[in-house]
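Colleague: how would this look folded up:
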Amino acid sequence: MDEFSDTREFFKKIKKTIGDRKWIAHFDKEYLSGNKHYLLTGTYPREVFNQLVELKKPSEGYKNWYFFLKEIPEAIPTVFLDDLAQLENQLTNLASLDRGLVFVFEVKKLALTSYIEIINTITKLKINDIFFVYDLGTIGSEYNDYYQPFINLINRTKGIISFARITILGTSFPFNFAGYHRGENSIYERLLFNKIKSAVAFYPIIYSDRGSARIEK
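Modeller: Modelled structure (predicted):
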């Protein structure tokens, strides 16, 4: 029996829905670590969770993740950033798929030293088809506080990597819906994106809407 049979069934549903179009395979770590059954009992409620644990093992450059995605040609791989000791090996493996690489940075938890190590490794391996996702998570009316740190981070990246595509990802849902009739005026992630986009001309910047209403499910 296929070790990841339950997980593969899910990907068959994706293919049935969108056909052969490319999509980004991103791994939600909190889906495992925050599972209520696991936190109470130390075990997962269904076998598919154990399969996901296997996919996330860092040994040999996250080889399980690599071999799993290798069999799904439509999937653009996201790089695991938990174990940077495996980063170079992992990037070499995933880049060999020749589909591009996606890096999801949790901005509120991001250590600058780790970030610099990651972009230096990208440069060292001469990987040039990359997409950076800067994930802010939930934000509110304090969104302006993130503007200058973001600009500093992006400018610092430009000095090492000049060819990335980037997206700003965040959500202000479900604080309230007041003011939404005014268009973007109270959608804080859009306001932050607009401000950053107007200040950055050297990267293609893409707006991303975090599907917050049901993102965990």
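
Colleague: got the residue ranges for the strands in the chain?
Modeller: 23-25, 75-77, 101-106, 130-138, 165-171, 205-209 (DSSP state E).

Colleague: how is this protein carved up into domains?
Modeller: Residue ranges for the domains of the chain, per automatic domain parsing: 1-78, 100-217.

Colleague: and of the strands of the chain, who's closest to residue 88?
Modeller: Taking C-beta to C-beta, strand 101-106 is the member of the strands of the chain nearest to residue 88, at 12.8 Å. Bear in mind the C-beta positions are built from the backbone N, C-alpha and C, glycine included.

Colleague: That closest one - what's its average pLDDT?
Modeller: Mean per-residue pLDDT for strand 101-106: 95.

Colleague: Poorly predicted segments of this protein, please.
Modeller: Judged by pLDDT under 70, the chain has its weakly predicted residues at 1-8, 173-186, 210-217.

Colleague: quick one on the thing from earlier: make JSON lines from the strands of the chain and add distance to residue 192 to it.
Modeller: Output for the strands of the chain, formatted as JSON lines (distance: least, C-beta to C-beta, whole Å):
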{"stretch": "strand 23-25", "distance to residue 192": "22"}
{"stretch": "strand 75-77", "distance to residue 192": "25"}
{"stretch": "strand 101-106", "distance to residue 192": "15"}
{"stretch": "strand 130-138", "distance to residue 192": "8"}
{"stretch": "strand 165-171", "distance to residue 192": "7"}
{"stretch": "strand 205-209", "distance to residue 192": "10"}
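
Colleague: buried stuff in stretch 15-28?
Modeller: 25, 27 (16 or more other C-beta atoms under 10 Å).

Colleague: contacting residues around it?
Modeller: Contact partners of stretch 15-28, identified using C-beta atoms under 8 Å, 6 or more residues apart in numbering, comprise 14, 52, 55-56, 65, 69, 72, 74-78, 80, 99, 102, 104, 131, 215-216.
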